[in-house]
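In: Using only what follows, build the 3D model:
(chains A, B and C)
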Amino acid sequence: MALFDREDYIIRNRDILDPEYEPEDLDEREREVNEYASYLRPIIKGWNPNNLFIYGDTGIGKTVVTRYVIRELLESVEQYDDIDLNVIELNCTNTSTSYQVAVHLVNEIRKPDSEKEPLTTVSSERDVLSETGYQSKRVFNELYKDLRDLGGTILIILDEIDNIGNDDEVLYELPRARTHHNLDVKLGVIGISNDYQFRKNLSAKVKDTLCEEEFYFEPYESAELQNILRKRTESALFPDTMDSGVIELCSAKAANDSGSARQAIRLLRKSAELAEREAINSNNPDMLITETHVRNAVTEIQKEEVVEGMHDLTIHGKYLLLAITSFAAEGDTPVRTRRIYERYTNLVEQFSSKPLKRRGAHDHISKLNMKSIVRDVDTKGERGNFNKYELDVAVESAIEALEADSTIGELTKLRETAEQNNVIST
DNA sequence: CATCCACTGGAAGATATGGCGA
DNA sequence: TCGCCATATCTTCCAGTGGATG
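Out: This next block holds a predicted model:
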């Protein structure tokens, strides 16, 4: 009957458990907020901003704290007429080179002011730069020009900057733009990174300037995660919908793994959803979120991540995954790369496509490995130097994901053969 | 211990794609 | 359209590497 009014046994406001949700107060990151603010203090005095490098693992609040502190800063700055502060924030997730960072910065600056405006106004995009085609010098010149036009104090925030890998030219150029290109602006760069290694690998000349100030974000402790979760659940869930120990378990799982609040929250949300589903199905309004729900949520989330990871595999990545999966279906894993490659070649040729050379195929296997779809097995004690791989996910998940990808015709046929294999061997 | 086997993974060059300006 | 430009993806080449073997 009332199909749609049952949705709220447990979850009151789902948005609050969204990974993107930014809470008003950041009780558990006080140290970082204060330290952050101290580095930005010169701005309020009208001085040149410090360059700042921030690092710490994912999901421990680097971006949230940054946004929070910047918000406060912008508010404070309004009191002073003599400070014209412009903040440019760029998430570098999809930028693999300095060139692209420069392009995106230009586009970010040229974005229409009206923040709230939906992504419709194509007409105003005439000045947007595309991602290739220009000389890099040209792009940098455009960038300097735009920075000059902005004027005042400019703070450039480069989130997830580690994505640019070894190509740190932009990090060298930006802090020097003022002197080398005669910009009459006060310019500060804030680099945010998940990857400690990235900082070490920066060229010396970049390290000198960009890292003139730097600090870590510590992973959350279990107790801190508990506080965060408690606070969130107060408004996100209805009262008394959790069995005792649920928050503790979510926190402990996340703290042991990554110390990530994002992970803890995601886990709690998934648990709540599982419980809610069960409540609806069993028509039991008294259903509580239990530790069992949390444990199920853990596996559920893992599965989701893998399927997600498989989504953007290239065609060869999928063929290779198919090859490994078929070995797995035969109970013949771990397999060494040599045999994987042989089977992969057969599969590809069978569908009159051209297989990659050995080296290229190995790169795809490594990618599968990095995405935790496949894992390499310790081969110590065996002859020679080689790798062995097995699925890092349930065979069913892999097959499911391959099936879900039936948009590609050739793969569809391949999937059928794989299924036959499965049937034969199980 | 020297040497070999079978494989790994870095580096550089080739190719294909998509975009710019003239 | 042509000559450039940046980039992703492959191929080619090859210097290691770990254990086995004599």
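In: Close to DNA strand B: what parts of the stretch 1-150 of chain A are there?
Out: Counting by C-beta under 7 Å from any atom of the strand, the residues of the stretch 1-150 of chain A close to DNA strand B are A:130, A:131, A:132, A:133, A:134. Every residue, glycine included, has its C-beta placed from N, CA and C.
In: can we see that at 10 Å?
Out: Counting by C-beta under 10 Å from any atom of the strand, the residues of the stretch 1-150 of chain A close to DNA strand B are A:128, A:129, A:130, A:131, A:132, A:133, A:134, A:135, A:138, A:142.
In: and DNA strand C, which of these reach it?
Out: Okay, of those touching DNA strand C (C-beta under 10 Å from any atom of the strand), that's A:130, A:131, A:132, A:133, A:134, A:135, A:138.
In: Confirm the fourth one sits in a helix?
Out: No: if the criterion is DSSP: H, G, I helix; E, B strand; the rest coil, then residue A:133 is coil and not within a helix.
In: Determine the number of other residues adjacent to it.
Out: Here the number of neighbours of residue A:133 (other C-beta atoms under 10 Å) works out to 9.
In: can you list the weak-confidence ranges in the stretch 51-200 of chain A?
Out: When residues are selected by pLDDT under 70, those of the stretch 51-200 of chain A lie in A:112-126.
In: Quick one: name the residues of the stretch 251-400 of chain A near DNA strand B.
Out: Near DNA strand B, when you scan the stretch 251-400 of chain A using C-beta under 10 Å from any atom of the strand, you find A:336-342, A:357-363, A:365-366, A:369, A:376, A:379, A:383-389.
In: 7 Å - rerun?
Out: Near DNA strand B, when you scan the stretch 251-400 of chain A using C-beta under 7 Å from any atom of the strand, you find A:336, A:337, A:338, A:359, A:362, A:366, A:384, A:385, A:386, A:387.
In: Return the subset of those lying in strands.
Out: Among those, the members found in strands (DSSP state E) are residue A:336.
In: picking that back up, how about the residues of the stretch 1-150 of chain A next to DNA strand B, which pair is most distant?
Out: A:128 and A:135 (17.4 Å; C-beta to C-beta).
In: Of these two, which one has the most company?
Out: residue A:128 (12 against 9).
In: Dihedrals phi and psi, that one?
Out: Here is the backbone geometry of residue A:128 (degrees, to the nearest 10): phi -70, psi 130.
In: these two touch, right, it and residue A:110?
Out: Yes: at 6.4 Å, residue A:128 and residue A:110 qualify as touching, with contact defined as C-beta atoms under 8 Å.
In: Excluding residues flanking it in the chain, which one is nearest residue A:198?
Out: residue A:162 (3.9 Å; C-beta to C-beta, 6 or more residues apart in numbering).
In: if I pick that neighbour, what's in contact with it?
Out: A:92, A:193, A:194, A:195, A:198 (C-beta atoms under 8 Å, 6 or more residues apart in numbering).
In: Is it in a helix, a strand, or coil?
Out: Classified using three-state DSSP, residue A:162 is helix.
In: Tell me how far it lies from residue A:177.
Out: 22 Å (C-beta to C-beta, to the nearest Å).
In: buried ones in stretch A:356-373?
Out: Buried residues in stretch A:356-373, counted by 16 or more other C-beta atoms under 10 Å: A:356, A:361, A:362, A:364, A:365, A:367, A:368, A:371, A:373.
In: Looking at the residues you listed, which is nearest DNA strand C?
Out: residue A:356 (3.5 Å; C-beta to the nearest atom of the strand).
In: Make sure that closest one is actually in contact with residue A:315.
Out: No: Residue A:356 lies out of contact with residue A:315 (C-beta under 8 Å); the separation is 9.9 Å.
In: Can you tell me which residue of the stretch 1-150 of chain A sits closest to DNA strand B?
Out: Counting by C-beta to the nearest atom of the strand, the stretch 1-150 of chain A gets nearest DNA strand B through residue A:133, at 2.9 Å.
In: what number of residues lie near residue A:19?
Out: Around residue A:19 there are 12 residues (other C-beta under 10 Å).
In: for it, what are its contacts?
Out: A:262, A:265, A:266.
In: Recalculate using a threshold of 10 Å.
Out: A:59, A:260, A:261, A:262, A:263, A:265, A:266, A:269 (C-beta atoms under 10 Å, 6 or more residues apart in numbering).
In: Now secondary structure and neighbour count too, for those residues, in a markdown table please.
Out: Listed next are these as a markdown table, based on DSSP: H, G, I helix; E, B strand; the rest coil; neighbours: other C-beta atoms under 10 Å:
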| residue | secondary structure | neighbour count |
| --- | --- | --- |
| A:59 | coil | 22 |
| A:260 | coil | 22 |
| A:261 | helix | 27 |
| A:262 | helix | 17 |
| A:263 | helix | 23 |
| A:265 | helix | 24 |
| A:266 | helix | 20 |
| A:269 | helix | 23 |
